[in-house]
Structure formats: structure tokens, C-alpha cells
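*Asks:* Predicted structure and sequence below. I'll ask about it afterward.
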Amino acid sequence: MENPFNPSFGKMPSVFLNRDSLTQRIVNELNRVGLPFQTSLLYGQRGSGKTTLMTEVSNLISRYKNWLVINLVLDDDLLISLINQLQRHLLNLKIIKIST
């Protein structure tokens with residue numbers, strides 16, 4: 001039997017349930033002021049859309065000035081990827097300059 005699971009890692013599948021209200025609720029909760037911890041846990045069966053949902057959330061939340069979205073992939077060297085993305089964001093914000 002062929003495995004029906006074919007990960008696309010955050011790409012919009014051909015059949016997708018509209019979860020705009022759930023996505024917006026997550027964004028609203030993450031943006032609530034005065035919370036000491038803004039930690040969330042998303043879990044579910046493989047292929048259930050966790051990565052796609054979080055991709056939608058990160059796309060929305062990246063529009064806010066007070067948020068910085070960093071995408072890390074387990075296949076990459078996490079530290080190098082983190083440093084490169086932070087550096088790119090800091091350069092865009094003109095917080096740092098690179099001397100040549």
C-alpha cells in the first residue's frame with residue numbers, strides 16, 4: 001500500500017478548509033498586551049495542516065511592526081539560519097551596517 005502522506009511543508013494543499021477565524025484568533029492572542037508569556041503549542045496528526053496554519057499565522061503576524069518572523073527548518077543548520085535571518089532583518093531596519 002502506498003503511503004498517502006506527502007508532506008508539502010506549509011504549501012497550500014489542493015483541498016484546504018478555510019480557517020481564517022482560527023488564524024485570526026491565534027494572531028489576536030499573540031498580540032494581546034500584558035501577557036507574561038506568549039507561548040503556544042500546536043499539535044495534531046501528521047498531514048492535518050499544522051505547518052500550513054502556522055505559515056498563515058506567520059504571514060499575518062509579520063505585517064505587524066512589533067513582530068519579527070524567523071523561519072527555521074530542521075534540515076538546515078539552525079544557528080546559521082537564525083543568524084542570517086536576524087542579520088537580514090537588522091540590515092533592513094538599518095540597525096546594523098556591514099563594513100566592507
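*Replies:* Received it, and whenever you're ready, just let me know what you need.

*Asks:* can you tell me which residue is nearest the centre of the chain?
*Replies:* Centroid-nearest residue in the chain: residue 58, 3.9 Å away (criterion: Cα atoms, centre = their mean).

*Asks:* Helix, strand, or coil at it?
*Replies:* helix (DSSP: H, G, I helix; E, B strand; the rest coil).

*Asks:* Disregarding residues adjacent in the polypeptide, which is nearest to it?
*Replies:* residue 69 (4.6 Å; Cβ to Cβ, 6 or more residues apart in numbering). All C-beta spots, glycine's among them, are computed from the backbone N, C-alpha and C.

*Asks:* Return the distance of the residue nearest to the centre of the chain relative to residue 29.
*Replies:* 14 Å (Cβ to Cβ, to the nearest Å).

*Asks:* ok so, going back, and the residue nearest to residue 58, how many neighbours?
*Replies:* 14 (other Cβ atoms under 10 Å).

*Asks:* how would you label it: helix, strand or coil?
*Replies:* Assignment for residue 69 (three-state DSSP): coil.

*Asks:* Check the contact between it and residue 62; I expect there is one.
*Replies:* Yes - the criterion here is Cβ atoms under 8 Å, and residue 69 meets it with residue 62 at 4.2 Å.
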